[in-house]
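Student: Following is a predicted model, sequence given first.
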Amino acid sequence: MAVDAYLDSDVAMRVARHGGRFEYPFALRIGEGEESFTLLGSIDAYVREGGDHLVVDYKTGSSEAACLEARYELQAACYALAALRSGAARVEVVFVRPEGIGPDGTLERVTFEFSGEDSSRIEGRLIGIWRRMASGERAPLGTGDFETCSECTAAGSVCPLPVPARFGIGGKPGGPAAKPEDNRRHPEA
């Protein structure tokens, strides 16, 4: 039933009709000089419909739509910035749960919309987050937290917890985390 609901959805039809690209990688340079970094990501399905672009991110699990909006707004903004920089005039970012059917019988989804006017606001927000992280204002967790870290790709880079330690020893939530110095990529000279 859920698969049928997804396949019958306007999202699936748009991806099929316009030849969506899947696992579409992006790398964006954010900021300038010493306050710059590269934002890396991958979009599950990316569709160009003229000047309008569609980004689809498939999710699992369940939450209320209001929780999902708050949880995925920053991710949606990052995807939108990638599309806007590639020439989109407008971007629709849709998070869908292919196995989820809402109370009205339709596919569970959360949608965000962006336009070219949003680019500088998004970049400013990302620079602000980077500044807080660089200043230590957002200290990493002492232990992995499954809810917070389950989809994180920062382990071993911005986050000092190595991948296995994000969820504690043996990959279990709440276990003790490794020390940041255990995650060095290169020994110090």
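Tutor: Cool, the structure landed. Numbers count the residues shown, from 1 in each chain.

Student: And the strands in the chain?
Tutor: Per DSSP state E, the chain carries strands over the ranges 21-32, 35-49, 52-58, 90-101, 107-115.

Student: quick one, which of these is nearest to residue 77?
Tutor: Smallest distance to residue 77 across the strands of the chain (C-beta to C-beta): 7.2 Å, for strand 107-115. Just so you know, the C-beta spots here come from the backbone N, C-alpha and C atoms, and that holds for glycine as well.

Student: buried residues in that closest one?
Tutor: Judged by neighbour count using 16 or more other C-beta atoms under 10 Å, the buried positions of strand 107-115 are 107-110, 112, 114.

Student: Which one of those is nearest to residue 61?
Tutor: Distances from residue 61 to the buried residues of strand 107-115, taken by C-beta to C-beta, are shortest for residue 108, at 10.4 Å.

Student: what comes into contact with stretch 34-41?
Tutor: 25-31, 78-79, 81-82, 126-127, 130-131, 153 (C-beta atoms under 8 Å, 6 or more residues apart in numbering).

Student: Recalculate using a threshold of 6 Å.
Tutor: Residues outside stretch 34-41 that contact it (C-beta atoms under 6 Å, 6 or more residues apart in numbering) are 26-30, 130.
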